[in-house]
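Visitor: could you work out the structure for the sequence below:
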Amino acid sequence: MVVASLTAVLALCVAAPVLAGEPTSETRGFRWIVPEPSRGFVFDGLGSLPSEEREPETPLIKILRARRNAITAAGGAGASPRVQEQSGGTAAEWRALREAKRDQLAPPEKDGVEAGLAWVEDGHVLPRLRAGWHGFLPTMGGFPSGSGQAFGVVWTKTGLGVRYPDEDTPNRIDLRGWTALSLRGYKLALFETSLHRVAGTPFHLSALAGWQRNAGDSFFGIGPDSREQDRTSFAQEVPSVGIVAWWQMPEWLSIGGGVVYRNYSIEPGDDARFPTTGELFDSTEAPGLDQQPAFLTYDGFLEIDWRNDGNPYRGGLYTVRLSRWDDLDLDAFDHNDLDVELHQYFPFLKDTRVIALRARTILTDAPTGQAVPFYLMPRLGGSKELRGFKYGRFTDFNALLLSAEYRTEIWLAMDLALFVDAGKVFADHADLDFHDLRTSYGFGLRVKTSRSTFLRSDLAFGGESWRWDITFDNAFEAIPMARRILRMVQ
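Guide: Sure thing, here's the model as predicted:
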């Protein structure tokens with residue numbers, strides 16, 4: 001095609017000096033007269049090559065040529081004056097070519113992996129999985145990084161007692177039950193009930209009772225200078241019950257709060273590859289290691305969410321959460337948390353390319369004589385934060401995280417992503433700045449639908465090693481704040 005185009009341009013350049021302008025009576029312009037072709041060249045508007053060297057014609061070219069010839073023939077005897085007038089010039093020919101091309105337009109054909117993914121999303125696998133069986137659906141994930149692959153079953157009932165419920169149904173009651181188990185022994189079970197649009201207002205309530213056991217969370221010590229070789233394992237078991245209420249109007253703005261009771265129990269970890277946390281650290285190096293109270297948590301939040309529906313690629317999410325943790329047993333671990341998180345998406349090239357940005361900071365504060373337990377301190381590392389470092393690699397009283405991703409669609413349901421993460425943990429609020437950041441970077445694939453990313457594979461490189469994660473979630477986690485407050489393990 002490149003050779004054909006260059007040859008056509010060359011033919012025009014050679015003919016240009018002898019082109020002549022001839023006034024016509026039909027128009028106010030000129031009709032260009034092109035010399036007769038020679039040396040076997042064919043100049044017909046469909047390419048310019050020696051006839052013996054021209055590539056075989058495609059079916060579309062044959063149709064275009066036949067259509068043009070038909071219009072030219074129609075300009076002969078017996079044709080209408082309009083056809084006779086148009087057939088002598090190139091306007092009618094190009095109009096015919098455009099009409100013939102339009103008639104041949106069709107959606108691009110999918111083959112290979114692209115066709116298989118479309119088959120999964122559009123008509124066979126995913127719609128049936130989403131539909132479930134009597135409200136039961138299979139799930140994957142749900143635990144922190146390091147838990148191993150997790151599988152579970154969720155049961156949902158939307159609009160209890162209502163035949164055709166929707167988002168505007170007043171006093172709509174939704175029920176949800178969920179149980180899950182990971183390959184490394186992490187477990188959870190919960191039951192949640194929600195009351196939406198109370199008395200027809202934008203007021204919502206949700207209550208949850210649950211239990212979760214993380215069998216092998218990692219702890220390396222407190223501070224940015226903790227050592228990789230000091231990795232230890234601890235288990236935490238948390239039964240909880242709580243309620244959250246929020247006002248949502250307009251649709252993108254939610255303001256609310258909640259109260260949750262949690263009873264933490266810290267035990268030696270089940271991961272035999274590493275020593276238990278109690279073997280390497282004591283309660284001065286890991287506050288709360290020896291004794292764990294029950295907590296009553298009071299939360300308030302503001303959430304602005306103007307992202308597109310489904311899998312986010314446009315808009316933004318901005319959340320602020322303030323939490324008060326009251327120690328009900330020991331009067332030793334009262335503290336406050338401030339959690340601010342921002343997501344922003346910039347799509348371009350018809351939404352096939354996206355730049356996604358994320359920033360988050362968590363600040364804790366304990367009154368004099370009180371402490372923040374090590375298992376409630378902010379952490380960095382894992383498949384979502386500082387992806388080049390192990391889960392829980394850095395722990396301290398405060399944390400800052402910055403992430404950026406460039407995502408480009410390479411197939412119908414698959415994105416290639418390039419990412420960079422930067423962050424740090426620190427003890428003093430005055431150190432909330434962009435100095436001494438740890439960084440990681442890498443690339444990955446996201447298998448997606450219009451609703452979500454259901455498979456993610458990331459290869460990340462950091463200052464200590466490289467990591468390869470395969471998960472069933474979005475890199476920028478965006479669980480609604482009303483549901484995040486009710487989580488058993490924070």
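Visitor: going forward, measure contacts between C-alpha atoms and count neighbours the same way
Guide: Noted.
Visitor: quick check: residue 340 vs residue 420, distance?
Guide: For residue 340, the distance to residue 420 equals 20 Å [Cα to Cα, to the nearest Å].
Visitor: just the helices in the protein please.
Guide: For the chain, the helices defined by DSSP state H occupy 2-15, 59-74, 81-87, 90-103, 112-122, 125-131, 277-280, 481-485.
Visitor: state the mean pLDDT of the fifth one.
Guide: This predicted structure assigns helix 112-122 an average pLDDT of 61.
Visitor: same question for the third one.
Guide: Helix 81-87 shows a mean pLDDT of 46 in the predicted model.
Visitor: what is the burial count for the closest residue to residue 308 other than its chain neighbours?
Guide: Spatially, and ignoring its direct neighbours in sequence, residue 308 is nearest to residue 314 (5.7 Å; Cα to Cα, 6 or more residues apart in numbering). Residue neighbour count, defined by other Cα atoms under 10 Å, stands at 19 for residue 314.
Visitor: returning to what we had before: more neighbours: which of residue 340 and residue 420?
Guide: Higher neighbour count among residue 340 and residue 420: residue 420, with 21 against 18, using other Cα under 10 Å.
Visitor: can you pull the contacts of the more buried one?
Guide: Counting by Cα atoms under 8 Å, 6 or more residues apart in numbering, residue 420 touches 403, 404, 405, 439, 440, 441, 442.
Visitor: look up how far residue 382 lies from the fifth one.
Guide: Pointing back at residue 440 there. Residue 440 sits 11 Å away from residue 382, going by Cα to Cα.
Visitor: ditto for the second one
Guide: Shown here: residue 404 relative to residue 382, a distance of 16 Å by Cα to Cα.
Visitor: same thing with the third one?
Guide: In this structure, residue 405 and residue 382 are separated by 16 Å, where distance is defined by Cα to Cα.
Visitor: when the two are compared, which one has more neighbours?
Guide: Counted by other Cα under 10 Å, residue 405 and residue 382 do not tie: residue 405 has more neighbours, with 22 against 19.
Visitor: please name the bridge partners of the more buried one.
Guide: Here residue 405 sits in beta bridges with residue 356, residue 419, going by DSSP bridges.
Visitor: list the contacts of it.
Guide: When contacts are counted by Cα under 8 Å, 6+ apart, residue 405 is found next to 354, 355, 356, 357, 417, 418, 419, 420.
Visitor: what does residue 208 give?
Guide: With Cα under 8 Å, 6+ apart, residue 208 has these contacts: 190, 191, 192, 193, 241, 242, 243, 486.
Visitor: quick one: residue 302 and residue 338 touch, right?
Guide: No - in this structure, residue 302 is not within contact of residue 338 by Cα atoms under 8 Å, at 11.9 Å.
Visitor: which neighbours do these two share?
Guide: 320, 321.
Visitor: where are the low-confidence patches of the protein?
Guide: Scanning the chain with the threshold set as pLDDT under 70 gives 1-91, 104-132.
Visitor: quick one, domains of it?
Guide: Residue ranges for the domains of the chain, per automatic domain parsing: 2-103, 135-485.
Visitor: point out the most buried one among these.
Guide: Of all the domains of the chain, domain 135-485 has the most neighbours on average by mean count of other Cα atoms under 10 Å, namely a mean of 18.
Visitor: and it, how far apart are its ends?
Guide: 25 Å.
Visitor: return the distance of that domain from the chain's centre.
Guide: Computed by Cα atoms, centre = their mean, to the nearest Å, the chain-centroid distance of domain 135-485 equals 15 Å.
Visitor: joint contacts of residue 440 and residue 382?
Guide: Common contacts of residue 440 and residue 382 (Cα under 8 Å, 6+ apart): 388, 389.
Visitor: understood, closing this out.
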